[in-house]
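Colleague: Here is my input, please return the structure:
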Amino acid sequence: CQNTIFGTIFFTMGKISQSIVIVIVGLLSWQDIVAWTDSSSKIESRNPLFGVVGFLLTSPVSSHQHYSNRQEGGVRTSMVKGWLGDIMGGNNNGDGGGGNCVAKKEKELKSSFQELVSQDWSSIRCQWEEHSDLSQELRQLRSHSLKDGKGPASPLHTLRIFDNDGDDNDDVRVTLYRDSASWCPYCQKVWTALEEKRINYRVEFVNMRCYGDKTPQFLSVQPNGNIPVAIIDGVTYRQSNDILQVLDQTFTGPHHPPLSPKRNSDLEDRANSLFRLERQLFGAWMYWITSRDDASARLKNSFVNVLQQVEQELKYANSNLDGSFFLGKDVSMVDFMFIPFVERMLASLLYFKGFPIRIKGGSNADNKLYPNVNKWMDAMETLPSYQLTKSDYYTHCWDLPPQLGSCITEDDTYQSAINGIDGISWDLPLKPHNGGIEPDWEWCNNNNMNANLEAVERLTFNHKNIIKFAARGADTNNNPFTRYSAPLADPKAPSNPNVMDSIDV
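Modeller: Presented below is the predicted three-dimensional model:
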């Protein structure tokens, strides 16, 4: 229970004696689905089906029980896992016996799944509304928070209003144009800064070229189509760094903490030096992640050398500036420059190059090579502003290639676990830190029932669009998804209506 949705998995039940078809409509996060539907969200579970099944199988559950302590997540979960193991010929804590009891298990499995999926979406929604662990914030997300812009932040917000005493809270002076699927790192740093400075703002969603077209309205604002764009007090700014500078200079006072150090100070000199280091790190990563094998060793060494400089700068901050952020105890513009790209480095280098930087659990528990980078990440994850915008490894590993043109795999050690095809990482109950590969979002909630409830909310609200989205994988026309480079993200790809009933189990 840690990530943006890793992909949408639907169990399509055919004749039980012939097959159990598991259709993985994936390679996309929940936020990616917004490129075709009208909704995006952050859901702290690795898979929406896991959230819904977990909700149905384990409810009710004590709000103080953490998912790692629930063992097999309930009796029915263990039974279903056992039955699946037997039918598929494995020993998955069931009765064993391989094919010797297939007929019996087929009957039991069919009965169990019928019981599980016999409820329609409205009845599941009713269970959700009556659940004892449902928070008031989640209950009022659609009816209040998304409409008035207040309350806990959500990627679904198109209006954000902060309760700043003494300010005109209805005064919205900023409009941010950012990407619909929350893939863009340049949009992320502006988005995070707006939240950190508690600036009221509106959001206009714009497609990235790799998954959609720019609207004429947006092109009239930004002729080259690049994002982000911000309109601040009626003036249009078209570069992320310009936007950040204007926001920090324009919105000051007790409710809008400064992100830049004082002029002509030692910290200003340090900040300028770190800005240059961030660009060096970005360049070294870009060259390595997109390189072929013949150049990889040299480019890896170049990246490692720059990363070690970053490690030393953060060590200096811890030792001499009394804090885990780059400029000391307070987050600054430097941190917001680094974080979108470091977040993507952590995921992509592990996935494509087998290069771990931030790992919890197992033999790499302390990650002794980059302890200060890890401390900095821990500090960043205490910020609600960053918690809102942070994405997961799976999403980045699939959203980066369409944006960069390609990412070259050299070491696929971690790919099956990140993709959920190793038979372990996406099995219920989910393993802490994905078995040591990706740190859990422990700041998100105290137990995974919160994640399950959020997954149920998203699916029950938007299930029709999700089913249509999934049915695109069974389209029979002769036009492959070639117009847009993001897999399955062509917004004009048609759905196959003949398979929708099978998907909507």
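
Colleague: Buried ones in the lengthiest helix in the chain, by neighbour count?
Modeller: In the chain, assigned by DSSP state H, the helix with the most residues is helix 293-320. With burial defined by 16 or more other Cβ atoms under 10 Å, the residues of helix 293-320 counted as buried are 296, 299-300, 302-303, 306-307, 310-311, 313-314, 317-318. Glycine gets a C-beta too; all of them are placed from N, C-alpha and C.

Colleague: what's the model's confidence in the helix or strand just after that helix, averaged?
Modeller: Using DSSP states H and E, the helix or strand that directly follows helix 293-320 along the chain is helix 333-353. Averaged over helix 333-353, pLDDT sits at 97.

Colleague: circling back to that earlier point, from the contact counts, what lies against the longest helix of the chain?
Modeller: Here helix 293-320 is seen to pack against helix 266-289, helix 333-353, helix 371-380 when contacts are counted using 3 or more Cβ pairs under 8 Å, 6 or more residues apart in numbering; DSSP states H and E.

Colleague: The residue nearest to I424 when sequence neighbours are not counted: which element?
Modeller: Nearest residue to I424, sequence neighbours excluded (Cβ to Cβ, 6 or more residues apart in numbering): G435, at 6.6 Å. With elements taken from DSSP H and E, the one containing G435 is helix 433-436.

Colleague: I figured L159 was touching T175, is that so?
Modeller: No. In this structure, L159 is not within contact of T175 by Cβ atoms under 8 Å, at 10.0 Å.

Colleague: intersection of neighbour lists for these two?
Modeller: 201-203 (Cβ atoms under 8 Å, 6 or more residues apart in numbering).

Colleague: Among those, which lie within strands?
Modeller: 201-203 (DSSP state E).

Colleague: quick one: which of those is most hemmed in?
Modeller: When neighbours are taken as other Cβ atoms under 10 Å, the top entry among those is Y201 (25 neighbours).

Colleague: so who does that one touch?
Modeller: 159-160, 172, 174-176, 194.

Colleague: Can you flag which of those belong to helices?
Modeller: L194.

Colleague: now the strands: where do they sit in the protein?
Modeller: Going by DSSP E, the chain shows strands at 8-13, 20-25, 159-160, 174-179, 201-206, 229-232, 235-237.

Colleague: re the thing from before, just curious, which of the shared contacts of L159 and T175 is nearest to P254?
Modeller: For those, the closest approach to P254 (Cβ to Cβ) belongs to Y201, at 18.9 Å.

Colleague: For that closest one, which non-adjacent residue is spatially closest?
Modeller: V174 (4.1 Å).

Colleague: For K464, see how far away that neighbour is.
Modeller: 33 Å (Cβ to Cβ, to the nearest Å).

Colleague: okay, those two: which has more neighbours?
Modeller: V174 (22 against 12).

Colleague: which residues does the more buried one bridge with?
Modeller: Under DSSP bridges, the beta-bridge partners of V174 are I232.

Colleague: Where does pLDDT dip in the stretch 151-300 of the chain?
Modeller: Scanning the stretch 151-300 of the chain for pLDDT under 70 picks out 165-170.

Colleague: can you tell me how far L349 sits from P402?
Modeller: From L349 across to P402, the span is 18 Å (Cβ to Cβ).

Colleague: cool, N318 as well?
Modeller: Distance of N318 to P402, given as Cβ to Cβ: 37 Å.

Colleague: Repeat that for K197.
Modeller: From K197 across to P402, the span is 31 Å (Cβ to Cβ).

Colleague: what does A455 give?
Modeller: As judged by Cβ to Cβ, A455 and P402 stand 25 Å apart.

Colleague: if you count what's nearby, which of those two comes out ahead?
Modeller: Legend: neighbour count by other Cβ under 10 Å for A455 and P402, higher for A455 (29 against 19).

Colleague: The residue lying closest to H463 once chain neighbours are set aside: what's it in contact with?
Modeller: Nearest residue to H463 in three dimensions, chain neighbours excluded: W121, at 5.3 Å (Cβ to Cβ, 6+ apart). By Cβ under 8 Å, 6+ apart, W121 lies in contact with 459-460, 463.

Colleague: hmm, who's touching stretch 331-344?
Modeller: With contacts defined as Cβ under 8 Å, 6+ apart, stretch 331-344 is touched by 185-186, 188-189, 192-193, 196, 244, 248, 259-261, 271, 274-275, 278, 281-282, 285, 310, 325-327, 373, 376-377, 379-380, 383, 386, 390-391, 396, 400.

Colleague: Thank you kindly, that will do.
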